[in-house]
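*Asks:* the amino acid sequence is not available; the structure is as follows:
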């Protein structure tokens, strides 16, 4: 356990592997039970974030897709015309309902933006491309009534992959792209390729290993498609013309390689892309409330978006 | 071995630990023999870099300190008034002579800058602060006849730590700072603290572990001083007012934590600081000729310097 991080993060680093990381649900109903459990497990955290960061959360529907609209108590003048789209993580199988909007609340609370979080349909009932269809439908609807130069898209893990897949799809369909994106530890390669996927196996105490539920979730989501399809694994797509991006990861992250590969590919394509990597963090631990590192990560992302979004 | 990197880098990743990584020289003369061996071991690489990148290398002396002046065959018009200072790596004990100037040649060749590389005095004969004294003497002399707004300082490993220590010392002594710095995998914490120093132990096949010669070199260099002295371990210093910085590391780097801790501390202090982390690389492998990743790293650093240095 390193002493180079906050006491709260030290406690997370010292924690055992999550129960069930290596259990692969044997049936569709077992996958759905796992999804329900995942949302129940974070319910107290979600309530605490909403309250402590003083954000309001309203369930709604946009283009037939369930969303949560997250609004900070006070929006800075420069952010009043700005709007963010959020797509949550959880391997395309976890965190249905308001549980998925926790990251949107952190962004609203720490960075002061209004956020629409997509409660997209998930596997096993709705494999690919349902999640992407839902995100795309909401993006199209938002872009029709907002200036994309005042907008950004973000999400972590599967939500980071979905953020990039959404960019590829919007580009292909001639829909405007946002002014910036913030993929956190983006799952850009569902094949399991990437050095840290092996080197950080059993070191990352959040995802632990692709041999557990997460690797199985990739196949469940893909529903038999080639995992190298760029809309599943955006690292195999064409990054030309993608918006400025800020990417976040941790030194123990199983997806550190996914993150740095995406970062380099964005830079190779000529996008402005910046990287922040947090000391000692396993996968997506910059989402854990209320570590000082979490606030630091979101304030940094907020500053990046502020620089790139039209006021 | 990941297939997400170039074939040349794959071969480096597949290589065994360097012979002698875990041998701690038992005497001053054994340390000096190790230093001579280290320079001999890279002599062929140094000659190849000089020839293939078409740079000229001239031995000289500035302020009584031995230097190598590295000049590219062609200097872009925008770079003609610019000058970089380079401080080499090698744990404050390795790469005396022209061997230390390899990174300066890569920078000159790939990024097109003229570079002065300091062949500073080293332990065991000359422990701290000899290396820093030498770097400081050269910096003072260069600043006296060049515009620091047209200058940058860079170096990797011990050279990255020395780059940051030089900034702290110049600040303390009222000497102008350069317009930018490029610390590569900077050894900012000689105490051995940092998550990756443990998590990447035996994963990094360049440094391997602080239990080998490198950890012993820290103590040899410090010569009995507190390893937390900011001029030895700049992470314990005050980063306020430091210039824009680009930091480079790899996912397997034993000093990934040193790098990201320095990055975050620079950001916390309000400096512009960007991070690039290369897939699968162990410590300082972005210095290995002639991988495509090496060229990419130096061109990226070159673009960053170009943005920050007055033409």
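*Replies:* Thanks, I have the structure now. No experiment lies behind these values; they were computed from the predicted model shown.

*Asks:* isn't residue A:242 up against residue A:180?
*Replies:* No: contact criterion Cβ atoms under 8 Å: residue A:242 and residue A:180 do not qualify, at 10.1 Å. For glycine as for every other residue, the C-beta is placed from the backbone atoms N, C-alpha and C.

*Asks:* residue A:249 - that's part of a strand, no?
*Replies:* Yes: looking at residue A:249 with DSSP: H, G, I helix; E, B strand; the rest coil, it is inside a strand.

*Asks:* what is the burial count for it?
*Replies:* Residues near residue A:249, counting by other Cβ atoms under 10 Å in any protein chain shown, number 35.

*Asks:* ok, what's across the strand from it?
*Replies:* Listed beta-bridge partners, residue A:249: residue A:277 (assigned using DSSP bridges).

*Asks:* list the residues that contact it.
*Replies:* A:184, A:185, A:255, A:256, A:259, A:260, A:275, A:276, A:277, A:278, A:281 (Cβ atoms under 8 Å, 6 or more residues apart in numbering or on different chains).

*Asks:* mind putting these into a markdown table with distance to residue A:97, secondary structure and pLDDT?
*Replies:* Compiled in a markdown table, the contacts of residue A:249 are given as follows (distance: Cβ to Cβ, whole Å; DSSP: H, G, I helix; E, B strand; the rest coil; pLDDT from 0 to 100):
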| residue | distance to residue A:97 | secondary structure | pLDDT |
| --- | --- | --- | --- |
| A:184 | 20 | strand | 98 |
| A:185 | 22 | coil | 98 |
| A:255 | 24 | coil | 98 |
| A:256 | 29 | helix | 98 |
| A:259 | 27 | helix | 98 |
| A:260 | 32 | helix | 98 |
| A:275 | 32 | strand | 98 |
| A:276 | 29 | strand | 98 |
| A:277 | 31 | strand | 98 |
| A:278 | 28 | strand | 98 |
| A:281 | 26 | coil | 98 |
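
*Asks:* buried only: go through these for me.
*Replies:* The neighbour count (16 or more other Cβ atoms under 10 Å in any protein chain shown) marks A:184, A:185, A:255, A:256, A:259, A:260, A:275, A:276, A:277, A:278, A:281 as buried among the contacts of residue A:249.

*Asks:* what sits closest to the fifth one if chain neighbours are left out?
*Replies:* Taking Cβ to Cβ, 6 or more residues apart in numbering or on different chains as the measure, residue A:259 lies nearest to residue A:249, with 3.9 Å between them; neighbours along the chain are not counted.

*Asks:* distance of whatever residue of the stretch 51-200 of chain A ends up closest to chain B from residue A:258?
*Replies:* For the stretch 51-200 of chain A and chain B, the shortest gap (Cβ to the nearest Cβ) falls at residue A:195, measuring 4.0 Å. To residue A:258, residue A:195 is 10 Å away according to Cβ to Cβ, to the nearest Å.

*Asks:* neighbour count: those two, which is higher?
*Replies:* Neighbours were counted for residue A:195 and for residue A:258 using other Cβ under 10 Å; residue A:258 has more, 32 against 25.

*Asks:* quick one: residues contacting that one.
*Replies:* Counted by Cβ under 8 Å, 6+ apart, residue A:258 has contacts A:161, A:185, A:186, A:187, A:188, A:189, A:194, A:196, A:197, A:235.

*Asks:* surely the last one is in contact with residue A:266?
*Replies:* Read it as residue A:235. No: counting by Cβ under 8 Å, residue A:235 does not reach residue A:266; the two are 10.5 Å apart.

*Asks:* tell me the residues of the stretch 151-300 of chain A that contact chain B?
*Replies:* Within the stretch 151-300 of chain A, the positions near chain B by Cβ under 8 Å from any Cβ of the partner chain are A:193-196, A:198-200, A:203, A:251-252, A:256-257, A:260-261, A:263-264, A:267-268, A:274-280, A:296, A:300.

*Asks:* now, these that are in helices?
*Replies:* Among these, the ones falling in helices (DSSP state H) are A:195-196, A:198-199, A:256-257, A:260-261, A:263-264, A:267-268, A:296, A:300.

*Asks:* from these, which is closest to residue A:71?
*Replies:* Nearest to residue A:71 among those is residue A:300, at 21.9 Å by Cβ to Cβ.

*Asks:* pLDDT score for the residue minimising distance to the centre of chain A?
*Replies:* Chain A has residue A:156 as the residue nearest its centroid, 1.9 Å off, counting by Cα atoms, centre = their mean. Residue A:156 is assigned 98 on the pLDDT scale.

*Asks:* that one and residue A:285 touch, don't they?
*Replies:* No: checked against Cβ under 8 Å, the pair residue A:156 and residue A:285 is beyond contact range at 10.2 Å.

*Asks:* ok so, going back, okay, the contacts of residue A:258 in a markdown table with distance to residue B:17 next?
*Replies:* As requested, those are arranged in a markdown table below (distance: Cβ to Cβ, whole Å):
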| residue | distance to residue B:17 |
| --- | --- |
| A:161 | 35 |
| A:185 | 30 |
| A:186 | 32 |
| A:187 | 32 |
| A:188 | 31 |
| A:189 | 28 |
| A:194 | 23 |
| A:196 | 20 |
| A:197 | 23 |
| A:235 | 30 |
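
*Asks:* give the burial count for residue A:262, as a bare number.
*Replies:* Neighbours around residue A:262, by other Cβ under 10 Å: 29.

*Asks:* what does residue A:180 give?
*Replies:* Number of residues near residue A:180 (other Cβ under 10 Å) recorded here: 23.

*Asks:* how close does the nearest residue to it once chain neighbours are set aside sit to chain B?
*Replies:* Using Cβ to Cβ, 6+ apart and skipping residues adjacent in sequence, the residue nearest residue A:180 is residue A:308, 4.0 Å away. Residue A:308 sits 15 Å away from chain B, going by Cβ to the nearest Cβ, to the nearest Å.

*Asks:* list the residues that contact residue A:308.
*Replies:* A:152, A:179, A:180, A:243, A:244.

*Asks:* again, 10 Å this time
*Replies:* A:149, A:152, A:178, A:179, A:180, A:181, A:243, A:244, A:245, A:246, A:272 (Cβ atoms under 10 Å, 6 or more residues apart in numbering or on different chains).

*Asks:* next one: residue A:176
*Replies:* Applying Cβ under 10 Å, 6+ apart, we find residue A:176 in contact with A:139, A:140, A:143, A:144, A:147, A:148, A:149, A:151, A:170.

*Asks:* 8 Å - rerun?
*Replies:* Contacts of residue A:176 (Cβ under 8 Å, 6+ apart): A:143, A:148, A:170.

*Asks:* coming back round to it: what is the most widely separated pair among the contacts of residue A:258?
*Replies:* Counting by Cβ to Cβ, the most remote pair of the contacts of residue A:258 is A:161 and A:196, 15.4 Å apart.

*Asks:* grab the nearest non-local neighbour of residue A:149.
*Replies:* Closest residue in space to residue A:149, ignoring its immediate chain neighbours: residue A:310 at 4.2 Å, by Cβ to Cβ, 6+ apart.

*Asks:* can you check residue A:113 too?
*Replies:* Using Cβ to Cβ, 6+ apart, the closest residue to residue A:113 is residue A:84 (4.9 Å).

*Asks:* would you say that neighbour is within a strand?
*Replies:* Yes: counting by three-state DSSP, residue A:84 is located in a strand.
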